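Q: Quick one, structure for this:
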Amino acid sequence: MKKIVKTEFNIEGYPTEDFLKMVLDIKPEQCTLVPDAPGQLTSDHGWDTVKHALLLKVVTQELHQAGIRVSLFIDPVHTLIDGAKSAGADRIEFYTGPYAHDFPTNKEAAIKDFAAAAAHCEKIGIGINAGHDLNLDNLKFFKQHVPQLLEVSIGHALVRDCLYYGLENTIQLYRRQL
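A: Okay, here's the model as predicted:
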């Protein structure tokens, strides 16, 4: 895929030895490290950057030496964001599953922790990505309340929407939300 992708290339995964070898061979622009154990179906939380501080620091240094930007998948908690910064991460990627879950019933409450955490990220100088269950219904509101947002990872919803609207239309719909 690296040969055909003309935009930024991001590889996301758990930092096993095999995963890191693949990332270092491919050298994407960004590697997003997720705390999902191999074989886990999907993410349901972010890193505990305090508990896994040494692992994350070592892996981040290795990826940086190869010229790869590092993002850590994380919950919107100040101490965990501080841990990401201490590990050397360039960015965090908010795990937005709880936001997407709560958005239909109380969007103001759903965004509260993310907006506060985004302000903290800005204060300490770490970039913000977001991903998990973001879609055409909740993305614009998220971006309005997290204006520091640099990029989003949208998988399932994008594929689903492509089936109805086609790829080109779907991409334009998402871009308009941002």
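
Q: Let me see the ranges of the strands in the chain.
A: 10-13, 30-33, 69-74, 91-95, 127-131, 149-153 (DSSP state E).

Q: Any chance you could list what contacts the longest helix along the chain?
A: Using DSSP state H, we find that the single longest helix of the chain is helix 107-124. The contact list for helix 107-124 (C-beta atoms under 8 Å, 6 or more residues apart in numbering) reads 76-78, 81-82, 85, 92, 94, 96, 98-103, 127-128, 130, 138, 141-142, 145-149. C-beta here means a position set from N, CA and C on the backbone, and glycine is covered the same way.

Q: Show me those residues that map onto helices.
A: 78, 81, 82, 85, 98, 99, 100, 101, 102, 141, 142, 145.

Q: for the record, mean pLDDT for the longest helix of the chain?
A: Averaging pLDDT along helix 107-124 gives 98.

Q: for stretch 143-153, same thing?
A: 95.

Q: How far does that stretch sit from its chain's centre?
A: How far stretch 143-153 lies from its chain's middle: 11 Å, per C-alpha atoms, centre = their mean, to the nearest Å.

Q: Stretch 62-81 too?
A: On the basis of C-alpha atoms, centre = their mean, stretch 62-81 sits 9 Å off its chain's mean C-alpha point.

Q: Quick check: buried residues in that stretch?
A: For stretch 62-81, a neighbour-count test (16 or more other C-beta atoms under 10 Å) marks 62-63, 68-77, 80-81 as buried.

Q: Right, I'll call it a day here.
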